[in-house]
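In: what follows is a predicted protein model with its sequence.
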Amino acid sequence: MNRTPSGNSPLTLLRSHLGWAAGASYLAATTVPAPGLWLRHPHTIGASGILGIPFQTPHFLLSFVLFTAGLQVPLHELRTVLGRPTALLTGLTLHLVAPLLIIPGVAFALRQSPDSDGGSGLVAAMILIVAMPVAAGATVWTSKGDGDQPTTVGLVLASTLVSPLTIPVTMTALCPLLSGEYAATLAGTAQTAGNSFALTGVLLPCGAGILCRLALPHRLMDRLLGAAVPAAMLGSLLLTYINASGVLGPFVSHPEPVLFVAALAVAATVCGLSFTLGRITARVLRLDAPAGASVTLACGMNNSSASAVLITTTLPDRPHVLLPVLAYSLLQKVAAGVVVRAGQGRRTRA
């Protein structure tokens with residue numbers, strides 16, 4: 001998270017045009033979804049039967065991306081956060097509480113719609129995304145704007161560390177807002193999400209990356225980063241393609257304009273309210289501009305890749321639930337860009 005390539009290297013170009021690359025992944029998922037659909041399904045490595053090893057590409061890619069994120073954590077910068085933990089505690093508390101404040105209102109509004117299940121599919125998608133830890137990509141946006149990088153790194157790590165507890169608690173607290181099969185499915189998932197997903201799929205890969213950073217010699221660490229960082233960026237784009245292929249390809253073949261508009265509206269509402277709540281809280285507490293930007297990003301940015309993988313596992317027969325998650329993934333980047341530009345504007349005026 002703290003090493004930024006210089007010059008016109010391929011990694012620098014990919015990082016600076018990551019939004020366009022993500023758009024290309026969505027386009028590929030729309031026009032050529034077949035490979036992505038194949039990769040979404042579990043496969044067996046080696047001999048079939050007892051000796052075969054089950055392999056799930058989305059889970060592997062997510063673990064690799066999180067492992068590489070752990071490799072890049074600048075642990076020495078966290079010392080400054082411990083000396084002034086107000087922004088860290090504020091951001092973490094807000095990240096955990098915001099879903100409990102926002103999702104019930106959205107669920108109530110959707111119940112007034114003519115949808116037969118009261119919008120439970122859309123609400124389920126939002127629950128699964130807001131329950132996730134702070135997106136590691138928040139550190140990238142912080143470095144581009146006026147954010148407090150150590151605080152943002154601390155928020156990513158802290159939310160990831162507590163995710164085996166907070167993910168099932170958030171899901172359990174919000175499950176009563178759902179109805180029918182969605183309620184039963186998410187209630188069952190919440191009971192196992194702490195160990196089977198949050199611990200093994202989120203916390204352990206990131207922790208393994210941090211341990212490698214502490215244990216490996218400096219020269220070997222540089223070589224590992226040089227190979228892992230670009231590979232993780234490509235892996236993230238591949239994961240985006242795989243997740244999107246499950247919904248965009250079938251959606252184009254059998255378009256549902258009402259579902260598309262509803263998914264976009266719900267994702268925009270939850271995303272907008274999350275960023276707004278973060279911004280208002282930062283102003284009420286009179287945090288300085290960098291700390292306020294970090295708190296705002298932490299409140300609005302969630303690990304959408306992790307939620308998409310969890311949806312693929314939890315609701316494999318409901319690919320349309322991924323649509324609002326994909327919309328949220330794009331919208332949170334747009335909102336983060338607004339926060340970044342606001343910080344750049346303040347620096348220019350100063």
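Out: Yep, it's here. Numbers count the residues shown, from 1 in each chain.
In: which helices and strands does the strand or helix carrying residue 267 pack with?
Out: In this assignment (DSSP states H and E), residue 267 forms part of helix 257-284. Helices and strands touching helix 257-284, by 3 or more Cβ pairs under 8 Å, 6 or more residues apart in numbering; DSSP states H and E, are helix 86-111, helix 120-130, helix 289-300, helix 322-349. Bear in mind the C-beta positions are built from the backbone N, C-alpha and C, glycine included.
In: redo those helices as JSON lines? Include distance to residue 141 and mean neighbour count.
Out: Below are the helices and strands packed on helix 257-284 laid out as JSON lines (distance: least, Cβ to Cβ, whole Å; neighbours: other Cβ atoms under 10 Å):
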{"stretch": "helix 86-111", "distance to residue 141": "14", "mean neighbour count": "19"}
{"stretch": "helix 120-130", "distance to residue 141": "17", "mean neighbour count": "27"}
{"stretch": "helix 289-300", "distance to residue 141": "6", "mean neighbour count": "28"}
{"stretch": "helix 322-349", "distance to residue 141": "4", "mean neighbour count": "19"}
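In: kindly present these as CSV, with separate columns for mean pLDDT and distance to residue 226.
Out: Output for the helices and strands packed on helix 257-284, formatted as CSV (pLDDT from 0 to 100; distance: least, Cβ to Cβ, whole Å):
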stretch, mean pLDDT, distance to residue 226
helix 86-111, 92, 30
helix 120-130, 91, 32
helix 289-300, 89, 27
helix 322-349, 78, 26
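In: out of those, which gets nearest to residue 268?
Out: helix 322-349 (5.7 Å; Cβ to Cβ).
In: and that closest one, what does it pack onto?
Out: helix 18-31, helix 120-130, helix 137-144, helix 218-245, helix 257-284, helix 289-300, helix 304-314.
In: worst average pLDDT in these?
Out: Least confident of the helices and strands packed on helix 322-349, judged by mean pLDDT, is helix 137-144 with a mean of 75.
In: contacts for that one, please.
Out: 1, 4, 15, 147-149, 152-153, 155-156, 293-294, 297-298, 301, 333, 336-337, 339-340 (Cβ atoms under 8 Å, 6 or more residues apart in numbering).
In: hey, C-alpha coordinates of it in PDB?
Out: Once non-C-alpha atoms are left out, helix 137-144 reads as follows in PDB (Å, rounded to 0.1, in the frame of the first residue of the first chain):
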ATOM      1  CA  GLY A 137      -8.500   0.400  -2.400                       C
ATOM      2  CA  ALA A 138      -9.300   3.200   0.100                       C
ATOM      3  CA  THR A 139      -5.600   3.500   0.700                       C
ATOM      4  CA  VAL A 140      -5.000   4.200  -3.000                       C
ATOM      5  CA  TRP A 141      -7.600   6.900  -3.100                       C
ATOM      6  CA  THR A 142      -6.200   8.400   0.100                       C
ATOM      7  CA  SER A 143      -2.800   8.700  -1.400                       C
ATOM      8  CA  LYS A 144      -4.300  10.500  -4.400                       C
END
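In: please identify the buried residues of it?
Out: 137-142, 144 (16 or more other Cβ atoms under 10 Å).
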